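Q: Could you look at this predicted model? Sequence included:
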Amino acid sequence: MVFAGTYEHAIDAKHRLAIPSDVRRILQRGLGTGEGDAVALYCVLGGADVLCLYTEPGYQRLAEELRGSDIDPVELLAYEEVFYANSKRIEMDSAGRVRLPDHLLQQTGLSGEVVIVGAGDHLKIRDRAAWQAHLEAVLRDRPNMLVNPRLMLGRGGARKTAGPENPS
């Protein structure tokens, strides 16, 4: 599953957030569930002001990568203690909403108007005004950043083809 796009939403008084319908369809298709079936997500602290939503398989993959990482064991233990303590399994209700954990909302200060931003293998929940300011700053300070994704991947040159100079 790949999550992309930006969706403007709000966290209600009961700390619920509606998952956009296109994202719900991606989740249901990717997880092999039908409309109305329970979809489990993991809500994870993603920084001082960001929450991340991972699918259950995505969160498990992340946990496996941590276990197999080359990080110093003392550092890894400290990271895991904070990471897992600030993660919570949540389920989408029949209306397509998730209830965000109180302690994670308190830590991030998120409430009211937010954006749900696709981040490839997960979703990010950010304050709407803070996201807009961040996006404007990035695009102002790095105007060519999005010119060509291949440049970001280090594949900016023309494709090499077989020939006298480039035998296959």
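A: Yep, it's here.
Q: Surely V98 touches E91?
A: Yes - counting by CB atoms under 8 Å, V98 does reach E91; the two are 7.2 Å apart. Backbone N, C-alpha and C define where each C-beta goes, glycine included.
Q: quick one: which of these two has more around it?
A: V98 (20 against 12; other CB atoms under 10 Å).
Q: And the pLDDT at the more buried one?
A: V98 is assigned a predicted lDDT (pLDDT) of 97.
Q: in what helix or strand does it lie?
A: strand 97-99 (DSSP states H and E).
Q: ok, L110 to G30 distance?
A: Computed as CB to CB, to the nearest Å, the L110 to G30 distance reads 25 Å.
Q: Compare neighbour counts for those two and give me the winner.
A: Using other CB under 10 Å, the more surrounded residue of L110 and G30 is L110, with 22 against 15.
Q: That one and G47 touch, don't they?
A: No - with contact defined as CB under 8 Å, L110 does not reach G47; the gap is 11.3 Å.
Q: contacting residues around G112?
A: Each residue near G112 by CB atoms under 8 Å, 6 or more residues apart in numbering is listed here: A10, I11.
Q: what's the spacing between it and R128?
A: For G112, the distance to R128 - CB to CB - is 8 Å.
Q: Please apply the same query to M152.
A: In terms of CB to CB, M152 sits 26 Å off from R128.
Q: When the two are compared, which one has more neighbours?
A: R128 (16 against 11).
Q: That one - nearest residue in space that isn't next to it in sequence?
A: E113 (4.2 Å; CB to CB, 6 or more residues apart in numbering).
Q: Return the residues in contact with the one you found.
A: E8, H9, A10, D127, R128, A129.
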